[in-house]
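> Below are the sequence and a predicted model; questions follow.
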Amino acid sequence: MKKKLLGIPLYWFLIVFAVAIIGILFGSFFDKSLSDAVANSHNGFGMFVETYGESLAYGVAIIGAVLAWLGLWKRKAIWQKILGWAILVAGTIVMVYMLGDSFYGNPNSNEVLYGFRISNAFLAFFVAFLILAFIGVITFLLADKSESKYNDLLRIGLIMIAAMLLQWGLMHFLKQIGGRPRWRFLYEIGGIWEGQPYDYQNWWEFAWFKNPKLDYFKSWPSGHTATAALVMLIGLFPRVLKKNFKHSELILGCCGFAYAIIVAIARILAGAHFLADVSFGMLVGSLSAFLCVFVGSKIFPSKESPEVTEEPAKEEPAQE
């Protein structure tokens, strides 16, 4: 299967979908036994990923904001320049808030905090800003800012932003209808909230908004894994790089997939999710990426080379 979407082989999406579905099937039978065997909320690797594991994933949205800005800021229309700056500023603010919130350990929280949290709010958000600013600067330096790349810069930037927004919306809805208790809440805290006991719940046994809107009941699907799956979108980046290298789309896509797998494993080890949870998260994240890449590939398509070679006009035979 040689078909590609903006340089990413279509079969790569199919492989990720297949891995996610296999994980869902195994999790449907072995979720509890697997977590009972390996899960521990004090697992160091799991705690690190819990706090800092989404840094690269949120960095994808920053890459998207920078690329979209680069695709707009030198255009002639003033509204396009303003739109570019609005995307860059708004994207930076939202991503710094989201990442800083995952770093911050609010001492007034009524839930148990996991991971290596930063207790000072200012420091947590400042560290988040530094990480994302670094990713943004690297993106700016590596991107090809020539006029012939404006459309690709804008398109790829919007794809990355749209995939993040779509994934967020889907995950928020699914977590609310699922209401699945986390392993660590059930087996380390006791599974009791406000005097009411909760039992193990299969992923298909939806609570339909009845369980409390607390982090304890947001096991299905895994938000960390869904967000991490979007890192595969860095496979689009070589399309707008100043200098490219052979098989760069495939190599970067593989790195993104490996990152999602690592995050998924860490979430199981930390007792935050079951196997089916991380598998569904990977499915939601990769589907969001695929849909946005597919739609984006149809919007203002650009040629691989900005130069258009016209065939020379055929000379009419001289009439006698």
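Arrived safely, thanks for sending.

> If you count neighbours, what's buried in the host helix or strand of residue 256?
Remark: residue 256 resides in helix 248-269, with elements defined by DSSP states H and E. For helix 248-269, the neighbour count (16 or more other Cβ atoms under 10 Å) marks 248-249, 252-253, 256-257, 259-261, 263-269 as buried. The way it works is simple: take the backbone N, C-alpha and C, and place the C-beta from them, glycine included.

> likewise stretch 202-214?
203, 206, 207, 211.

> and the second one, what does it touch?
Under the criterion of Cβ atoms under 8 Å, 6 or more residues apart in numbering, the neighbours of residue 206 are 177, 178, 179.

> which of the buried residues of helix 248-269 lies closest to residue 130?
Set against residue 130, the nearest of the buried residues of helix 248-269 by Cβ to Cβ is residue 259 (20.4 Å).

> Now the closest one: closest residue in space, sequence neighbours ignored.
Leaving aside its sequence neighbours, residue 259 sits nearest to residue 231 (Cβ to Cβ, 6 or more residues apart in numbering; 5.0 Å).

> My guess is residue 179 contacts residue 205. True?
No: contact between residue 179 and residue 205 fails when scored by Cβ atoms under 8 Å: they sit 9.2 Å apart.

> on that earlier part again, so which of the buried residues of stretch 202-214 would you say is closest to residue 194?
residue 211 (11.7 Å).

> That closest one - that's part of a strand, no?
No: per DSSP: H, G, I helix; E, B strand; the rest coil, residue 211 lies outside any strand segment and is coil.

> what pLDDT does it get?
On pLDDT, residue 211 comes in at 90.

> Skipping adjacent residues, who's closest to it in space?
residue 179 (3.4 Å).

> tally of neighbours for that neighbour?
Number of residues near residue 179 (other Cβ atoms under 10 Å) recorded here: 23.

> What distance do you get for it to residue 29?
Distance check for residue 179 against residue 29: by Cβ to Cβ, to the nearest Å, it reads 21 Å.

> If we go by neighbour counts, what in the helix or strand where residue 83 lies is buried?
For residue 83, the element it lies in under DSSP H and E is helix 78-103. Residues 80, 83-84, 87-88, 91-92, 94-96, 98-100, 102-103 are the ones in helix 78-103 that count as buried (16+ other Cβ under 10 Å).

> Repeat that for stretch 61-77.
61-73.

> Now do it: everything it contacts.
Contact with stretch 61-77 is made by 80-81, 83-85, 87-88, 90-92, 94-95, 132, 135-136, 139-140, 143, 145, 147, 149-161, 164, 234, 237, 240, as judged by Cβ under 8 Å, 6+ apart.

> cool, and stretch 182-197?
32, 35-36, 39, 41, 112, 114, 181, 198-200, 212, 214-219, 270-274.

> Among the buried residues of stretch 61-77, name the ones in helices.
61, 62, 63, 64, 65, 66, 67, 68, 69, 70 (DSSP state H).

> Grab the nearest non-local neighbour of the fifth one.
If the residues on either side of it in the chain are set aside, residue 65 comes closest to residue 91, at 3.1 Å by Cβ to Cβ, 6+ apart.

> Among the buried residues of helix 78-103, which one sits closest to residue 6?
Nearest member of the buried residues of helix 78-103 to residue 6, counting by Cβ to Cβ, is residue 87, at 19.4 Å.

> list the contacts for the closest one?
Listed by Cβ under 8 Å, 6+ apart, the contact set of residue 87 reads 65, 68, 69, 72, 157, 161.

> and if you look at residue 198?
Contacts of residue 198 by Cβ under 8 Å, 6+ apart are 181, 185, 186, 191, 192, 211, 217.

> If I look at residue 31, what pLDDT would I see?
So, for residue 31, pLDDT stands at 97.

> Same question for residue 39.
The model reports residue 39 with a pLDDT of 96.

> follow-up on the earlier one: ok now the helix holding residue 256, how far from the chain's centre?
11 Å (Cα atoms, centre = their mean, to the nearest Å).

> Ok, stretch 31-41 next?
That offset, for stretch 31-41, works out to 25 Å (Cα atoms, centre = their mean).

> buried ones in that stretch?
Buried, per 16+ other Cβ under 10 Å, within stretch 31-41: 31, 32, 34, 35, 39, 41.

> on contacts alone, who are the packing partners of the host helix or strand of the first one?
Translated: residue 31. According to DSSP H and E, residue 31 maps onto helix 10-38. With contacts taken as 3 or more Cβ pairs under 8 Å, 6 or more residues apart in numbering; DSSP states H and E, helix 10-38 sits against helix 248-269, helix 275-298.

> Tell me what angle whichever helix or strand comes after that helix forms with helix 78-103.
Later in the chain than helix 10-38, the nearest helix or strand by DSSP H and E is helix 44-52. On the basis of axes from the mean of the first three to the mean of the last three Cα atoms, to 10 degrees, helix 44-52 is oriented at 140 degrees to helix 78-103.

> So for helix 44-52, mean pLDDT?
Averaging pLDDT along helix 44-52 yields 94.

> Poorly predicted segments of the stretch 201-320 of the chain, please.
Scanning the stretch 201-320 of the chain for pLDDT under 70 picks out the ranges 300-320.
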